[in-house]
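Student: please work out how this folds:
(one chain, ligands or ions: 1)
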Amino acid sequence: MGKTKHQGPVKLPKMPDPKHWVSMVPFGLGKVKPKHIRDTAKVVWENKDNLPYATRILTQGVCDGCALGVAGLKDQTLAGPHICTTRLNVLRLNTMPAIDKSILHQDISELRKRSSSELRQLGRIPYPLSRKPGESKFSRISWDEALDRIAGKLKTVDPKQLAFFLTARGITNESYYAAGKAARFLGTNHIDNASRICHSPSKTALKRSLGIGASSCNYQDWLGTDVLVFWGSVASNNQPVSTKYMYAAKRKGTKIIVINPYWEPSMANYWIPSVPDSALFGTKLADDVYQVNIGGDIAFMNGVMKHWFEMEKEHPGSAINRNFINEHTHGFSELKKHVEAQDWLSLETSSGLTKGRMREFAELLAGSESGVFVWSMGLTQHRFGTDNISQVANLAMLKGFIGREKCGVMPIRGHSGVQGSGEMGADPFSLPGGDFDSSKTRKRIEKTWGFKIPDWQGDIVGVSLENAVLPENHPRKLRAFYTSGGNFLETMPDPDFVKKCLESVDLRVHQDIILNTSTLVDAKEEVIVLPAMTRYEQPGGGTSTSTERMVYFSPEIKGPRMEEARPEWEIYTEVAKRVKPEQAHLIDFPDAQAIRNEIAEAHPVYDGIQHLKGKGDVFQWGGAWLCEDGECPTPDGKGNLLPIELPELRKPEGHFYVTTRRGKQFNSMVYSATDPNNSADRYDVLLHKEDANQLSLKEGEAVVVYNQFGTFHGRVRFANTRRGNIQVYWPEGNVLIPKGVYEKYAGIPEYNTAVVVEKAETYHAHKDTKYVEKRIEELETEIG
Ligand code: SF4
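Tutor: Numbering: from 1, shown residues only. Got it, this is the predicted structure:
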């Protein structure tokens with residue numbers, strides 16, 4: 001943990017610098033780009049029934065969008081005000097009225113005709129609901145009935161047959177903490193959170209490489225660092241205010257490098273609405289883009305290291321930081337031997353980049369005194385995600401880019417609450433302040449909580465869901481599934497299989513603010529829907545932790561309320577108390593402040609959270625830099641350099657690698673059918689023009705993308721992707737992703753695979769041919 005404290009926001013330069021402008025054409029007229037003014041007007045219109053409340057949320061609350069962390073309109077990086085369209089889009093979730101009763105209680109088949117976006121637009125869940133087999137409509141039930149029925153069922157199931165999941169939405173640290181404690185109180189360790197499908201490998205890898213589980217640095221370290229690398233991250237789209245930080249970085253001479261299979265238009269040029277010269281003339285963000293193959297990052301990084309070791313042979317001290325390596329790391333010689341043994345052909349084939357391009361990047365980093373590596377799903381959502389991140393940590397350690405100003409490793413988060421989910425213990429591998437598998441941590445928490453924590457390892461959410469289809473007598477068959485938010489039908493691979501899993505559970509509880517397609521799936525005994533409060537409605541407010549470890553207090557905000565909605569933390573503890581009334585005092589929290597007091601005790605680095613009480617209150621756990629001065633929180637204070645094997649990339653002849661991308665959406669919530677950054681449609685298949693030519697495909701032509709897992713019907717859209725690699729939108733493209741393939745250390749599902757792209761016409765003709773052949777065979781059999 002670092003001793004240096006964050007210095008607070010700094011100012012942007014007043015005078016513009018035309019050197020960074022995209023063009024002299026004002027407002028990017030004629031270019032494909034987000035329409036911020038039009039989008040803002042649309043949000044004002046959408047919230048017209050509740051404008052004063054909407055304004056109070058924006059000016060007093062902590063953003064419930066991404067995890068950049070904006071409190072009111074201010075952040076800790078740059079003097080404000082800051083706002084973005086992501087925040088404006090999710091605003092309506094907080095201000096909309098209840099779902100019209102005539103729609104809420106209509107036949108389930110009618111509700112099922114609606115997409116998740118349409119369900120979201122219906123409004124808030126107003127009161128507890130129930131639906132049993134044979135019932136075609138949701139019926140209203142009282143809170144008492146709902147809680148008693150849930151508790152009644154939980155009393156009958158073995159705790160190993162009960163699982164919890166919490167998405168990130170606007171969920172606060174208090175709710176994660178209460179859920180993690182309630183799950184253990186009920187005897188289960190099957191509790192997981194949304195980071196399982198986004199940054200779980202980041203935490204696992206940073207832990208094994210550096211002993212830390214979060215970003216080692218701040219956004220402010222971007223400003224003026226020599227090189228800022230975005231690896232598999234489209235921060236401009238997913239964390240839009242970050243473009244302002246990029247602008248500030250460029251003004252201080254930082255080089256921005258993007259490593260991604262697709263030349264993301266929004267990472268190349270951006271018109272930042274709140275920076276006048278950028279809003280007018282745009283800002284060139286990326287100085288260079290390295291278009292790696294999907295899954296080719298490990299090879300690319302090994303290539304960079306191989307160059308460094310060659311440069312060191314020629315000119316010692318020209319590439320890596322020997323002092324840092326000697327004083328603060330283990331494993332240098334093993335890593336060097338491993339990398340030197342790799343041949344350039346394999347590195348080039350796997351990465352998709354030439355030896356020369358790898359040399360360019362190696363030289364750029366070699367000549368840099370400081371650097372920050374930022375990454376996202378492009379690195380984590382692989383079956384070798386943890387290895388990808390440990391490679392990033394290898395690069396950072398070899399350069400000594402750790403534990404000092406303008407240096408660091410940063411897994412940038414996309415959900416405001418997700419950083420805190422694992423830290424609060426809503427995770428099968430974590431308890432507050434430590435790992436689940438550490439008996440020391442378990443004992444410490446048992447002492448704080450006053451009850452025994454089950455000592456068996458809990459399952460990740462994907463496995464919990466798969467356990468629903470185990471045989472009836474299996475001891476781990478999932479019988480009760482309690483989910484706070486989350487739409488598994490749209491976030492997990494193989495939606496048909498996920499539906500079967502959801503249907504196979506006896507009782508499913510959906511604690512949420514809106515309906516989604518998963519809420520409407522049947523259960524064997526009952527589906528119970530519980531109306532939750534938003535973070536702005538919860539009495540006593542709540543806290544959330546940003547990517548850069550700032551713990552922000554978001555106050556309760558005056559405004560209209562959903563009459564029956566309850567604070568999420570309270571619902572968990574209420575259920576738990578009803579299951580074990582004789583021990584109710586052990587799980588009782590009179591208010592949110594009591595939870596914060598207990599978090600401060602249970603999680604030593606969160607000491608300080610108990611003092612957050614008003615608008616704008618914030619503290620950063622761990623100080624400005626984790627591993628400050630190279631001292632890592634590992635047993636001997638050193639980081640681990642790890643030799644990483646090249647992954648086997650399974651792409652048979654004639655196939656493409658496919659990965660998924662995000663358009664105008666907030667995680668799985670889609671806000672527009674058109675991607676504002678490239679004007680693509682949600683069913684467009686982003687394909688390199690020359691690949692398309694080889695397949696005789698024209699732009700706009702219907703194609704079928706398929707493999708043994710599924711079939712996706714879309715249209716060709718020419719895009720600047722690495723040849724042999726295509727992109728489809730997420731979650732629509734999930735039909736192509738295999739189920740049950742998890743990364744071995746962190747359990748993230750694999751979201752990349754190999755596919756065939758074929759003209760729709762040919763694909764269907766091929767199917768027809770088979771059909772005709774089959775009919776002929778049948779006819780012959782019949783005649784015979
Ligand atoms: S960038 Fe993220 S934290 Fe900032 S306003 Fe937008 S959604 Fe909120």
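Student: tell me how many other residues crowd residue 283.
Tutor: Using other Cβ atoms under 10 Å, residue 283 has 22 neighbouring residues. (C-beta placed from N, C-alpha, C; glycine too.)
Student: where does it land on pLDDT?
Tutor: At residue 283, the model reports a pLDDT of 97.
Student: equivalent analysis for residue 316, please.
Tutor: Looking at residue 316, the pLDDT reads 95.
Student: so what does whatever residue of the chain ends up closest to the ligand look like in phi/psi?
Tutor: The ligand sits closest to residue 65 of the chain, with a gap of 2.6 Å, by Cβ to the nearest ligand atom. When quoted as degrees, to the nearest 10, the phi and psi of residue 65 stand at phi -90, psi -120.
Student: pretty sure it contacts residue 90?
Tutor: Yes - counting by Cβ atoms under 8 Å, residue 90 is a contact partner of residue 65 at 5.3 Å.
Student: who has more neighbours, these two?
Tutor: Between residue 65 and residue 90, counting by other Cβ under 10 Å, residue 65 is the more crowded of the two (26 against 22).
Student: list the residues that contact that one.
Tutor: 84, 86-87, 89-90, 416, 666 (Cβ atoms under 8 Å, 6 or more residues apart in numbering).
Student: contacts only, for the nearest residue to residue 449 once chain neighbours are set aside.
Tutor: What sits nearest to residue 449 in space, not counting adjacent residues and going by Cβ to Cβ, 6 or more residues apart in numbering, is residue 181, at 6.2 Å. Contact analysis of residue 181 by Cβ under 8 Å, 6+ apart lists 425, 449, 587.
Student: if we can go back for a sec, any idea how far the residue of the chain closest to the ligand is from residue 5?
Tutor: To residue 5, residue 65 is 26 Å away according to Cβ to Cβ, to the nearest Å.
Student: returning to what we had before: so which of the contacts of residue 181 wins on neighbours?
Tutor: residue 425 (29 neighbours).
Student: now do the SS call for that one.
Tutor: coil (DSSP: H, G, I helix; E, B strand; the rest coil).
Student: quick one: end-to-end length of stretch 476-495, please.
Tutor: 22 Å (Cα to Cα, to the nearest Å).
Student: about what we covered before: check which helix or strand the residue nearest to residue 449 maps to.
Tutor: Using DSSP states H and E, residue 181 sits within helix 173-185.
Student: which is the succeeding secondary structure element to that helix?
Tutor: Assigned by DSSP H and E, the successor of helix 173-185 is strand 191-193.
Student: strand partners (parallel or antiparallel) of that next one?
Tutor: Neighbouring strands of strand 191-193 in its sheet, by DSSP bridges, are strand 162-166 (parallel).
Student: let me know the average pLDDT across the strand it pairs with.
Tutor: What strand 162-166 shows for mean pLDDT is 98.
Student: what is the burial count for residue 574?
Tutor: When neighbours are counted by other Cβ under 10 Å, residue 574 comes out with 21.
Student: same question, residue 391
Tutor: 26.
Student: so what's it up against?
Tutor: 297-298, 301-302, 644.
Student: doesn't it lie inside a strand?
Tutor: No - counting by three-state DSSP, residue 391 is not part of a strand but helix.
Student: excluding chain neighbours, what is closest to it?
Tutor: residue 301 (4.2 Å).
Student: could you do residue 248 as well?
Tutor: Residue 248's closest residue in space is residue 223 (Cβ to Cβ, 6+ apart), at 4.9 Å.
Student: can you pull the contacts of the one you found?
Tutor: 10, 77, 245, 248-249, 252, 254, 406.
Student: per-residue confidence for residue 771?
Tutor: For residue 771, the predicted pLDDT is 50.
Student: what does residue 776 give?
Tutor: 51.
Student: and what of the one 5 residues further on?
Tutor: Predicted confidence (pLDDT) at residue 781: the value is 50.
Student: again, but for residue 614
Tutor: 94.
Student: so the residue nearest to residue 391 sits right up against residue 394, yeah?
Tutor: Yes - with contact defined as Cβ under 8 Å, residue 301 counts as touching residue 394 (7.0 Å).
Student: list residues touching both of these two?
Tutor: residue 644.
Student: not counting its neighbours along the chain, what's nearest residue 578?
Tutor: residue 151 (3.5 Å).
Student: repeat that for residue 754.
Tutor: residue 655 (4.2 Å).
Student: quick one, what contacts the one you found?
Tutor: 707, 754-756.
Student: residues contacting the spatially most central residue of the chain?
Tutor: Nearest to the mean C-alpha position of the chain, counting by Cα atoms, centre = their mean, stands residue 198 at 3.7 Å. Counting by Cβ under 8 Å, 6+ apart, residue 198 touches 376-377, 380-381, 413-415, 418, 748.
Student: which strands or helices does whichever helix or strand residue 578 is part of pack on?
Tutor: Following DSSP H and E, one finds residue 578 within helix 568-579. Here helix 568-579 touches helix 143-156, helix 173-185, going by 3 or more Cβ pairs under 8 Å, 6 or more residues apart in numbering; DSSP states H and E.
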